[in-house]
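Asks: have a look; sequence and predicted model below, questions after that.
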Amino acid sequence: MAPLLPAALPAVVAALRQGWACGWRALMTAELMASTPLPGLGQVLDAGRRSGRPGPVLAAALVILAVGVVVETGVFGPVQRRVLRARGLPAAQER
């Protein structure tokens, strides 16, 4: 059992990366469908769509994009590169 985890670590990191992306999209969808007292990005998107104003829609979309890019490049990218290099595998940028 012990040698399985180190061998599976690159796949585990890739699965965490995909799971986070799916969870982030699910959170935005849930905010669009549910009403809470505090406005979230999903509610800002929906309010901008209903009022016909593109400004809030674009701003919310840019914030969603920025959070995704920051987490991807700042968290998952370095972790995945470190795990792959530790196992002698080429990172995505080295291929």
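Replies: Yes, it's here. Numbers count the residues shown, from 1 in each chain.
Asks: strands of this structure, start to end?
Replies: Counting by DSSP state E, the chain has no strands to list.
Asks: with adjacent residues omitted, what lies nearest to the residue nearest the centre of the chain?
Replies: For the chain, the residue nearest the mean C-alpha position is Ala21 (3.6 Å; C-alpha atoms, centre = their mean). Closest residue in space to Ala21, ignoring its immediate chain neighbours: Gly68 at 7.3 Å, by C-beta to C-beta, 6 or more residues apart in numbering. (Glycine included, C-beta is placed from N, CA and C.)
Asks: pLDDT wise, what is Gly48 at?
Replies: As predicted, Gly48 sits at a pLDDT of 88.
Asks: pretty sure it contacts Pro56?
Replies: Yes: under the criterion of C-beta atoms under 8 Å, Gly48 makes contact with Pro56 at 3.4 Å.
Asks: so, low pLDDT: which residues of the protein?
Replies: For the chain, applying pLDDT under 70 flags the ranges 1-2, 35, 91-95.
Asks: all helices of it, in order?
Replies: Counting by DSSP state H, one finds helices in the chain at the ranges 4-33, 41-51, 54-71, 77-86.
Asks: how near is the residue nearest to the centre of the chain to Gly88?
Replies: 27 Å (C-beta to C-beta, to the nearest Å).
Asks: tally of neighbours for Pro3?
Replies: Applying other C-beta atoms under 10 Å, we find 7 residues neighbouring Pro3.
Asks: let me fix that, I meant to ask about Asp46.
Replies: Neighbour tally, Asp46, other C-beta under 10 Å: 19.
Asks: how close does the closest residue to it other than its chain neighbours get to Ser51?
Replies: Here the nearest residue to Asp46 in space, its sequence neighbours aside, is Leu32; by C-beta to C-beta, 6+ apart that works out to 5.4 Å. Distance of Leu32 to Ser51, computed by C-beta to C-beta: 15 Å.
Asks: which one's more surrounded, those two?
Replies: Leu32 (14 against 11).
Asks: ok, that one - contacts?
Replies: Gly42, Gln43, Leu45, Asp46 (C-beta atoms under 8 Å, 6 or more residues apart in numbering).
Asks: residues near the second one, how many?
Replies: Residues within reach of Gln43, counting by other C-beta under 10 Å, total 17.
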